[in-house]
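Chemist: Sequence first, predicted model second:
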Amino acid sequence: MTDPSDAALLTPAEMAEVDRAAVAAGVPVATLMEHAGRAVARAVRARIAPCRTLVLCGPGNNGGDGRVAARHLAAAGWPVRALRPGAVSADQVARAELVIDAVFGAGLTRALDPALAAMLAAARRLVAVDVPSGLDGATGQVRGFAPQAEFTVTFVRRKPGHLLLPGRDLCGAVILAEIGMPAAAVATVRPSTFQNGPVLWTLPTPQPEGNKYGRGHVTVLGGALMTGAARLAAIAARRGGAGMVTIAAEQGAGVYRAGEPGNMVDARPLATLLEDARRTVWVCGPGLGAAAAGAALPVLFAARRLVVADADAFTACAGAPERLRGAAVLTPHAGEFARVFGALGGDRLAAARAAAARTGAVVLLKGADTIIAAPDGRAAINDSAPPWLATAGAGDTLAGLIAALLAQGMAPWQAAAAGAWLHGRAGVHAGPHLIAEDLATALPRAFQDAAP
């Protein structure tokens, strides 16, 4: 993926705008439907041997795509029938060797009828057109029921629901097909949601004449009890390219000094450390304790430092999101997010955007479908992380990595997005049995993955 437009995700409403613009430009709906149905048939023929196929066609454009696909499959010699859901039983669906779900597209906003849900559930093997019916293309949430697709064929641009869970799993592999949509029609919509990846950001490059101070100084606030969290953040900041990394620990400094030799440790008070203007980026929260985090945040904000707030910072600000205004990046998991902002609800993307707008910070909502939302409404969905990344200490590593990228001059949204992507790739390279300590070691390979 080399063009930022390839990473754009359009909501169903935005895709409808593109369709209307195409029609206004003189491209008939029937032409787009013909191209879409042919693309579905081509994708099916490329992956599945001819078999008894039932195409379930709904009343709208999605159903029209299905009827065209059935015609092209029949012309290629496939035994295929195209029927409306009301004309077929669950037993007939179960007897088909392949079901193509062209009932409802990504814009469905109501729960599936139970009879239709039972019919789709009877399919032994299913391919979806646009999304599996019942899946909300804007949020990735299920409207009552949605079937499991082997793969999904969608058109022009993917939807957020193709990447957000549980939609990402239900869609199977997502095949993006071009259908002759005019570029001018696509350009009528300015996307604000993207699949996260290197096309969205540029990593900092050390300059030949540079020095360690030019690569930025990250300071990690360390607590006296859970010292491992700050150490994980610090080693990630070093691997992430920061020129200098200090653990600031008024208490427990001896434990930190016995750790990695490259970690500097400073036991002086916070106010004294802030007298050094080179200490531009701070990590506040990992293993720090809620009281200490709550006391440090306003001091750091008043000093206008770039702050990555994580872990105990959210306990300190429970129910008081305004106390986080002044941070550069917030990195909560779902529980921490709810502690500060309230229940996530069914639309994680909207919740992350609202939290970013409310605090003025970039919000990185951690999870298998991590969302990086900026106060201006931009959002990226990260899908680079393997499931085994869910391990204690991984979040501390991510906070330190983002801090390193900020220290080297990346803007907060780009730094958070790049950090999430690199973190996920490091997890892939570390392998299924990783522990948090493995992530920093795997980061150099992740950086190589991001190289042009």
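Modeler: In hand now; what should we look at?
Chemist: Kindly report the domain assignment for the protein.
Modeler: 4-191, 199-450 (automatic domain parsing).
Chemist: In JSON lines: the ones you listed, plus mean neighbour count.
Modeler: For the C-beta atoms, the positions are set from N, CA and C on the backbone; glycine is no exception. What follows is the domains of the chain, written out as JSON lines (neighbours: other CB atoms under 10 Å):
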{"stretch": "domain 4-191", "mean neighbour count": "19"}
{"stretch": "domain 199-450", "mean neighbour count": "21"}
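Chemist: Using CSV, please lay out these together with mean pLDDT.
Modeler: CSV is the format used below for those (pLDDT from 0 to 100):
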stretch, mean pLDDT
domain 4-191, 97
domain 199-450, 96
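Chemist: hang on, isn't Pro166 packed against Phe145?
Modeler: No. Using CB atoms under 8 Å, Pro166 makes no contact with Phe145, being 11.5 Å away.
Chemist: Not counting its neighbours along the chain, what's nearest the residue sitting furthest away from the middle of the chain?
Modeler: Note on the chain: the largest C-alpha distance from the chain mean falls to Gly77, namely 40.9 Å (CA atoms, centre = their mean). Closest residue in space to Gly77, ignoring its immediate chain neighbours: Pro50 at 6.4 Å, by CB to CB, 6 or more residues apart in numbering.
Chemist: is it true that the one you found lies in a strand?
Modeler: No. Checked against DSSP: H, G, I helix; E, B strand; the rest coil, Pro50 lies outside a strand; its state is coil.
Chemist: which residues touch it?
Modeler: Contact analysis of Pro50 by CB atoms under 8 Å, 6 or more residues apart in numbering lists Ala76, Gly77, Trp78, Pro79.
Chemist: Let me see the backbone angles for Leu176.
Modeler: The phi/psi pair for Leu176 (degrees, to the nearest 10) reads phi -100, psi 120.
Chemist: just checking, it touches Arg157?
Modeler: Yes. Between Leu176 and Arg157 there is a contact under CB under 8 Å: 7.5 Å.
Chemist: Which residue ranges of the stretch 101-250 of the chain form strands?
Modeler: 126-129, 151-155, 173-177, 193-195, 217-221, 244-248 (DSSP state E, counting those that start in this stretch).
Chemist: tell me the angle of the last one relative to strand 217-221?
Modeler: The directions of strand 244-248 and strand 217-221 differ by 20 degrees, with axes from the mean of the first three to the mean of the last three CA atoms, to 10 degrees as the criterion.
Chemist: Show me what strand 244-248 packs onto, helices and strands only.
Modeler: For strand 244-248, the packing partners by 3 or more CB pairs under 8 Å, 6 or more residues apart in numbering; DSSP states H and E come out as strand 217-221, helix 227-239, strand 264-266, helix 270-273.
Chemist: Only the C-alpha atoms, please, for that strand, written as CSV.
Modeler: Written as CSV, here are the backbone C-alpha positions of strand 244-248 (Å, rounded to 0.1, in the frame of the first residue of the first chain):
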residue,chain,number,x,y,z
MET,A,244,18.3,9.6,25.9
VAL,A,245,16.0,7.9,28.3
THR,A,246,15.7,8.6,32.0
ILE,A,247,13.7,6.9,34.7
ALA,A,248,12.7,9.5,37.2
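Chemist: Now do that strand: everything it contacts.
Modeler: With contact meaning CB under 8 Å, 6+ apart, strand 244-248 is reached by 212-213, 215-222, 230-231, 234, 237-238, 256, 262-268, 270, 273, 279, 400, 404.
Chemist: if you set the cut-off to 7 Å instead, what comes out?
Modeler: Outside strand 244-248, the residues within contact range by CB atoms under 7 Å, 6 or more residues apart in numbering are 212, 217-222, 230, 234, 237-238, 256, 263-266, 270, 273.
Chemist: next structured bit after it?
Modeler: From strand 244-248 onward toward the C-terminus, using DSSP states H and E, the following helix or strand is helix 253-257.
Chemist: I am finished for the moment; much appreciated.
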